[in-house]
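Q: I'd like to go over a predicted model; first the sequence, then the structure.
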Amino acid sequence: MRITGGELRGRKIKTPPASSTRPLLSRVRKSLFDVIREEIKGTRFLDLYAGSGAVGIEALSRGAREAIFVEKNPRCVTVIKKNLSGLGLFSRFRIYPKNVLVVLEELLEKETFDIIFIAPPYCQGMQNQTLDIIEKMEIQGHTVIVQHSPKERVNFDRKNLILRKQKKYGDTILTFLEV
């Protein structure tokens, strides 16, 4: 897998064993960052259910000031660390090797993020559970991007979330929200 844009464009990144993640395809990652290209520079980017870290790394490559990765799978955390150190991104990230649903509320209480990317395993209801936490925290001024399957019912009809755009790429939908 390669980084699709920014200062690290073309650099390779490792991915965890195929059964443990569902990496976002390069063309979908590129499209994602085409949508948010004007707002990425200087941001704090929260990559939830980070997998290989490809989306957060792409954010750093395209100008994000800092990326915070949350991933509970130890093999994935090892891959994220290897990718970040191999790219020389030592001081621009933090990794929380924890369950998103356990640590997210605490993170949102203590820190501010400009962009929150949510990409949990499909068809397990985790998108809704994660959005429930974000809604409960009543945060403001964020872009929230949810990756999900067209087969899933994700509730975007929430009191403090505004649907900005939805894009479908095969079996992946990216939903862009404002909080």
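A: Thanks, I have the structure now.
Q: residues in contact with the lowest-mean-pLDDT helix or strand in the chain?
A: In the chain, no helix or strand scores lower on mean pLDDT, DSSP states H and E than helix 26-36, which sits at a mean of 90. Helix 26-36 is contacted from outside by 1-2, 4-5, 24, 40, 54-55, 58-59, 62, 115, 143, 145, 165, 167, 169, 172, 174, 176, using Cβ atoms under 8 Å, 6 or more residues apart in numbering. Where you see a C-beta, it was placed from the backbone N, CA and C, and this is true even at glycine.
Q: do stretch 56-69 as well
A: Contact with stretch 56-69 is made by 3-9, 11, 13, 29, 33, 37, 40-47, 50, 53, 80, 83-84, 87, 89, 92-96, 107, 111, 113, 115, 117, as judged by Cβ under 8 Å, 6+ apart.
Q: on that earlier part again, show the buried residues in the contacts of helix 26-36.
A: Burial by neighbour count, judged by 16 or more other Cβ atoms under 10 Å, picks out 1, 4-5, 24, 40, 54-55, 58-59, 62, 115, 143, 145, 172, 174, 176 from the contacts of helix 26-36.
Q: Select from those residues every entry located in strands.
A: Among those, the members falling in strands (DSSP state E) are Ile115, Thr143, Ile145, Thr172, Leu174, Phe176.
Q: Could you grab the helix/strand/coil label for the closest residue to the third one other than its chain neighbours?
A: This means Ile145. The shortest distance from Ile145 to any non-neighbouring residue, by Cβ to Cβ, 6 or more residues apart in numbering, is to Phe117 (4.9 Å). Put simply, Phe117 is strand when judged by DSSP: H, G, I helix; E, B strand; the rest coil.
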